[in-house]
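Student: no sequence on hand, only this structure:
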């Protein structure tokens, strides 16, 4: 059951991150979900490294969205601009 909750939360976080960051990020539902879940993991890791979260404590919503936005910016830089 927790995997389903993780996927749903990741999808919501991914949608919020895509709405917050300006620009056209063409990704499907699966990439949006992966973006949100990865953003939450990044936020948890950085929070634990900075001492904000304890060991096995998940990141909050805002930190997860910030982590997803960071990943979205990195994804945009790696993908680069495509000219038609």
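Tutor: It's in. No experiment lies behind these values; they were computed from the predicted model shown.
Student: what are the ranges of the strands in this structure?
Tutor: Ranges of strands within the chain: none, based on DSSP state E.
Student: any regions of it where pLDDT drops low?
Tutor: Counting by pLDDT under 70, the chain contains low-confidence residues at 1, 81-84.
Student: need the helices for it, in chain order.
Tutor: When assigned using DSSP state H, the helices of the chain occupy the ranges 2-20, 29-49, 61-79.
Student: chain center to the last one: distance?
Tutor: The gap between where helix 61-79 is centred and where its chain is centred comes out at 5 Å by Cα atoms, centre = their mean, to the nearest Å.
Student: tell me, how many residues neighbour residue 36?
Tutor: In terms of burial, residue 36 registers 29 neighbours under the definition other Cβ atoms under 10 Å. Just so you know, the C-beta spots here come from the backbone N, C-alpha and C atoms, and that holds for glycine as well.
Student: thinking again about what came up before, quick one: closest of the helices of the chain to residue 55.
Tutor: Ranking the helices of the chain by distance to residue 55, with Cβ to Cβ as the measure, places helix 29-49 first at 6.6 Å.
Student: and the closest one, what does it pack onto?
Tutor: helix 2-20, helix 61-79 (3 or more Cβ pairs under 8 Å, 6 or more residues apart in numbering; DSSP states H and E).
Student: thinking again about what came up before, now render the helices of the chain as TSV, adding distance to residue 55.
Tutor: Written out in TSV, the entries for the helices of the chain read as follows (distance: least, Cβ to Cβ, whole Å):
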stretch	distance to residue 55
helix 2-20	18
helix 29-49	7
helix 61-79	16
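Student: mean neighbour count and distance to residue 29 added to the helices and strands packed on helix 29-49, as JSON lines?
Tutor: Compiled in JSON lines, the helices and strands packed on helix 29-49 are given as follows (neighbours: other Cβ atoms under 10 Å; distance: least, Cβ to Cβ, whole Å):
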{"stretch": "helix 2-20", "mean neighbour count": "16", "distance to residue 29": "7"}
{"stretch": "helix 61-79", "mean neighbour count": "17", "distance to residue 29": "15"}
